[in-house]
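Engineer: Provide a 3D model corresponding to the input given below.
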Amino acid sequence: MGAPRRRVRGAESDILMDTTNLPIPIGTTVMIEHAGETMEEMYVNMGPQHPSTHGVLRLLLKLDGEVITDCIPYIGYLHRCHEKIAENRTYPQVVPYTDRLDYLASMSMNFGYVLTVERLMGQQVPARAEHMRVILAELQRIASHLLWLGTFGLDLGNFTIFIYCFREREMILDLFEAVSGQRLNYSFYRIGGMAFDFPDGWLDNCRAFLEWFKPRIPEYDALVTDNILFQKRIQGIGVIDAKSAVNSGLSGPMLRASGLKWDLRRNDPYSIYDRFDFAIPVFDTCDVWARFLVRRQEMLESVKIIEQALDQLPSGEITAKMPKTIKPPAGQVYVRTESPRGELGFYLVSDGTPKPYRYKVRSPAFCNLSALPVMMKGCLVADSVAILGSIDIVLGEIDR
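Structural biologist: Numbers count the residues shown, from 1 in each chain. Next up, the predicted model:
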């Protein structure tokens, strides 16, 4: 029958083309004539100013009516040359820059970076500092998932869950402010330990928050989990099976929602996570609904970890004895940790000077976003916001 013939409908005239391989101007309507039938395709932009792109992300959607036939993500609008800047700073000076990677989980970014430098140096960290790191990292995981759930509900028209989640997130930020003085970019972890110890009354306030938070999950369930409208909006869309998830480099809740039980805190333990008892939530429906359930359950598992770390918290120093100038021996190291979005990796090459010779960040959100075209195909335009929201991206981490 030959190749389909495209008719581009423009403002001045129609152009009939004999090939499907020619570039099509963005925003035009394309008439596809094939086997005696005429179909209409539309190329439209979603973002980078769209409020539901969760940052400056541009998606070029190819539509057949209301059905998405292709999706191309465009990134780079927030690029700040993070890695090259780090190669021109001393090792301690890089810590504040890691805050700006995933600015919704700054404690986790600090954690991964200082752990990498310590591994390169062969540096041991005091036991109290290790427990402090885990407590703060798991509080950060809860805060990150709360922000995700709140904004995800807002994307789908549920304003109430947004208010509820931010109510609890503010309590966590109060705890972070009490210990570090900051509510967003903390720069609190240090190479060799922590900046300060917990202030008086902080541990009691932390326990009080945990007791307050646990009964809140049933409240969220009443608003979203048990809401038939919420279920219908996200069940069966954005599907990516386990094999495709692995091939795409997915990690974190995205991977566990595709049926793979993989969590670095358990499969490749770092810090003192091997001392704690907690479950790894896994669901195998591989859709947006599964990603929601994984993050919901992970918040409760983080509560378990924090409670155990508080019970085991030893006394003592919070910082190891460190040289005045940090100069790791020549060598290279790659360390990965489990951030709220997945596998966060730091690759460092040292030449024995006070500055990294090479510095590279493995962004979990970048890899997770790369699978978006697979998840989008065949879905409706109305589903695109829910599918994108389910990835839980942070553009500061993706663009770097």
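Engineer: neighbours around Leu149, how many?
Structural biologist: 27 (other Cβ atoms under 10 Å). (Glycine included, C-beta is placed from N, CA and C.)
Engineer: so is Tyr347 in a helix, a strand, or just coil?
Structural biologist: Secondary structure state of Tyr347, per DSSP: H, G, I helix; E, B strand; the rest coil, is strand.
Engineer: helices of the stretch 151-300 of the chain, start to end?
Structural biologist: Assigned by DSSP state H, counting those that start in this stretch, the stretch 151-300 of the chain shows helices spanning 159-180, 202-213, 216-220, 228-234, 242-247, 253-256, 264-267, 288-312.
Engineer: what about the strands in this structure?
Structural biologist: 5-9, 14-17, 29-34, 37-46, 58-64, 67-74, 189-190, 193-194, 331-339, 342-350, 358-362 (DSSP state E).
Engineer: okay, those strands in JSON lines with distance to Arg266, mean neighbour count and mean pLDDT next?
Structural biologist: JSON lines is the format used below for the strands of the chain (distance: least, Cβ to Cβ, whole Å; neighbours: other Cβ atoms under 10 Å; pLDDT from 0 to 100):
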{"stretch": "strand 5-9", "distance to Arg266": "52", "mean neighbour count": "16", "mean pLDDT": "43"}
{"stretch": "strand 14-17", "distance to Arg266": "55", "mean neighbour count": "12", "mean pLDDT": "39"}
{"stretch": "strand 29-34", "distance to Arg266": "49", "mean neighbour count": "16", "mean pLDDT": "50"}
{"stretch": "strand 37-46", "distance to Arg266": "36", "mean neighbour count": "14", "mean pLDDT": "76"}
{"stretch": "strand 58-64", "distance to Arg266": "34", "mean neighbour count": "17", "mean pLDDT": "90"}
{"stretch": "strand 67-74", "distance to Arg266": "31", "mean neighbour count": "16", "mean pLDDT": "91"}
{"stretch": "strand 189-190", "distance to Arg266": "22", "mean neighbour count": "24", "mean pLDDT": "94"}
{"stretch": "strand 193-194", "distance to Arg266": "24", "mean neighbour count": "24", "mean pLDDT": "94"}
{"stretch": "strand 331-339", "distance to Arg266": "9", "mean neighbour count": "19", "mean pLDDT": "95"}
{"stretch": "strand 342-350", "distance to Arg266": "13", "mean neighbour count": "23", "mean pLDDT": "95"}
{"stretch": "strand 358-362", "distance to Arg266": "19", "mean neighbour count": "18", "mean pLDDT": "95"}
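Engineer: any low-confidence regions in the stretch 1-150 of the chain?
Structural biologist: 1-39 (pLDDT under 70).
Engineer: if we can go back for a sec, name the stretch among the helices of the stretch 151-300 of the chain that sits most buried.
Structural biologist: helix 253-256 (a mean of 28; mean count of other Cβ atoms under 10 Å).
Engineer: for Leu348, find the nearest of the helices of the stretch 151-300 of the chain.
Structural biologist: Nearest to Leu348, of all the helices of the stretch 151-300 of the chain, is helix 264-267, at 17.8 Å by Cβ to Cβ.
Engineer: what is the mean pLDDT for that closest one?
Structural biologist: Average pLDDT, helix 264-267: 94.
Engineer: and that helix, what does it pack onto?
Structural biologist: strand 331-339 (3 or more Cβ pairs under 8 Å, 6 or more residues apart in numbering; DSSP states H and E).
Engineer: so what does the strand it packs on touch, helix or strand wise?
Structural biologist: helix 106-121, helix 264-267, strand 342-350.
Engineer: please export the C-alpha coordinates of the last one as PDB.
Structural biologist: Included here for strand 342-350 are C-alpha records, laid out as PDB according to Å, rounded to 0.1, in the frame of the first residue of the first chain:
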ATOM      1  CA  GLY A 342      15.900   5.700  44.500                       C
ATOM      2  CA  GLU A 343      19.600   4.900  44.100                       C
ATOM      3  CA  LEU A 344      21.600   8.000  44.600                       C
ATOM      4  CA  GLY A 345      25.300   7.500  43.600                       C
ATOM      5  CA  PHE A 346      28.400   9.600  44.100                       C
ATOM      6  CA  TYR A 347      31.500   8.900  42.100                       C
ATOM      7  CA  LEU A 348      34.700  10.500  43.300                       C
ATOM      8  CA  VAL A 349      38.200  10.500  42.000                       C
ATOM      9  CA  SER A 350      41.000  11.900  44.200                       C
END
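Engineer: grab the nearest non-local neighbour of Leu313.
Structural biologist: His131 (4.8 Å; Cβ to Cβ, 6 or more residues apart in numbering).
Engineer: what's the spacing between the closest residue to Ile272 other than its chain neighbours and Tyr270?
Structural biologist: Among residues not flanking Ile272 along the chain, Glu130 sits closest, at 4.7 Å (Cβ to Cβ, 6+ apart). Going from Glu130 to Tyr270 by Cβ to Cβ, to the nearest Å gives 10 Å.
Engineer: give me the more crowded residue out of those two.
Structural biologist: Glu130 (21 against 18).
Engineer: how close does that one sit to Ile326?
Structural biologist: In terms of Cβ to Cβ, Glu130 sits 19 Å off from Ile326.
Engineer: on that earlier part again, just put the helices of the stretch 151-300 of the chain in TSV and tack on distance to Asn110.
Structural biologist: Shown next, in TSV, are these (distance: least, Cβ to Cβ, whole Å):
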stretch	distance to Asn110
helix 159-180	10
helix 202-213	18
helix 216-220	27
helix 228-234	32
helix 242-247	28
helix 253-256	21
helix 264-267	17
helix 288-312	17
